[in-house]
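>>> Please work out how this folds:
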Amino acid sequence: MDIQKLLISNNFQLHDITTWTNSFILTYTLAILLGLEILAHLVPYVFKNTKNEEIEIQGKHLDQFEMIDLLYININKILTVIFVYHVIATCYYTDSIALKYEELSIGNTLGSLIGKCTPIDYNIDY
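Below is the predicted model of the structure:
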């Protein structure tokens, strides 16, 4: 079954993992892991000319990753796949989140993103 047929079938629901086929789960997982790999190469390239003199290095710097480091990196990648699914489900089931194209605006997209990421980035408790 191809993805297009899956997406238009009556029983497929993006927010409900029980309706996903094995091929969609594999495609979804690979798409997210591919996105993480692209970001891993894109971010250093984009910011290669920035000066990081202001950022103080704290803790042990690793020039070469050990097996345990690679294990934790890969565990976090798998957890990212699970996290993205939960974000999709939360967005679907939360009534205050606009899902229709006509309801989208700068305030309810970028504004909510800034509102959500600021406490996380600055370790602010709610």
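>>> biggest helix in the chain by residues?
When the chain is parsed with DSSP state H, its longest helix is helix 67-93.
>>> list the buried ones in stretch 41-57?
By neighbour count on 16 or more other Cβ atoms under 10 Å, the buried set for stretch 41-57 is empty. Where C-beta positions appear, they are placed from N, C-alpha and C, glycine not excepted.
>>> and that stretch, how far apart are its ends?
21 Å (Cα to Cα, to the nearest Å).
>>> hmm, who's touching it?
Counting by Cβ atoms under 8 Å, 6 or more residues apart in numbering, stretch 41-57 makes contact with no residue outside itself.
>>> could you redo the last one with a cut-off of 10 Å?
35, 39 (Cβ atoms under 10 Å, 6 or more residues apart in numbering).
>>> returning to what we had before: the longest helix of the chain: what's the following helix or strand?
Heading C-terminal from helix 67-93, the first helix or strand you meet, by DSSP states H and E, is helix 106.
>>> Quick one: mean pLDDT over that next one.
Averaging pLDDT along helix 106 gives 81.
>>> Quick check: nearest residue in space to the most centrally placed residue in the chain, chain neighbours excluded?
When Cα atoms, centre = their mean is applied to the chain, the residue found nearest the centroid is residue 84 (5.1 Å). Closest residue to residue 84 apart from its sequence neighbours, by Cβ to Cβ, 6 or more residues apart in numbering: residue 32 at 5.7 Å.
>>> Do I have it right that that neighbour meets residue 88?
No. Residue 32 lies out of contact with residue 88 (Cβ atoms under 10 Å); the separation is 11.2 Å.
>>> neighbour-wise, which of the two wins?
Each of residue 32 and residue 88 has its neighbours counted (other Cβ atoms under 10 Å); residue 32 has more, 18 against 15.
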